[in-house]
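In: I would like to see how this sequence folds:
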Amino acid sequence: MTLKRIWFGIGLMVFLLILCLCSSFLMERICSSQSLALDHAAAAASDGDWLTARSLIAQAKQEWDRRQLLFAALYDHAPIDQIDGLFAQLEVFSESRKGASFESTCVYLARQLESLGRSHSFNFSNFL
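Out: Model prediction:
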């Protein structure tokens, strides 16, 4: 009887490990793609191409909003709330076409997303 309980426990642990690995890889992939889009948006705004910059920001924000419920369920709320605030700032800066503020916020938001992806990645340093 106790041997069945051990196998059930081992199976449950393996399932949870696989679930954690999948969420880690998903988070890292999504954050890196959004970070890249934000870097491109900052470069486009620097060149004066506000249409492309706004389009890239809208795509990144749409992807973020689509996955936000999953992120809120699995990860820390403080960085997620900060990222939401930075997306809101980007909208204001893009509408007013404040280039330097827009570019710096894009770069800062991109680094925040990269940091969020790295902090939840599956590596040895995150276990310490």
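In: what's the helix or strand for the residue most central in space within the chain?
Out: Closest to where the C-alpha atoms of the chain average out (C-alpha atoms, centre = their mean) is residue 31, at 3.5 Å. Per DSSP states H and E, residue 31 falls inside helix 2-46.
In: got it, and residue 72?
Out: Using DSSP H and E, residue 72 sits in helix 50-74.
In: so what touches that helix?
Out: Applying C-beta atoms under 8 Å, 6 or more residues apart in numbering, the contact partners of helix 50-74 are 23, 26-27, 30, 33-34, 37-38, 40-42, 44-45, 80, 83-84, 87, 90-91, 94, 97, 102, 106. Where C-beta positions appear, they are placed from N, C-alpha and C, glycine not excepted.
In: give me the mean pLDDT for stretch 41-55.
Out: Summarised as a single mean, pLDDT over stretch 41-55 is 89.
In: circling back to that earlier point, now the buried members of the contacts of helix 50-74.
Out: With burial judged by 16 or more other C-beta atoms under 10 Å, the buried subset of these is 23, 26-27, 30, 34, 37-38, 40-42, 44-45, 83, 87, 90, 94, 102, 106.
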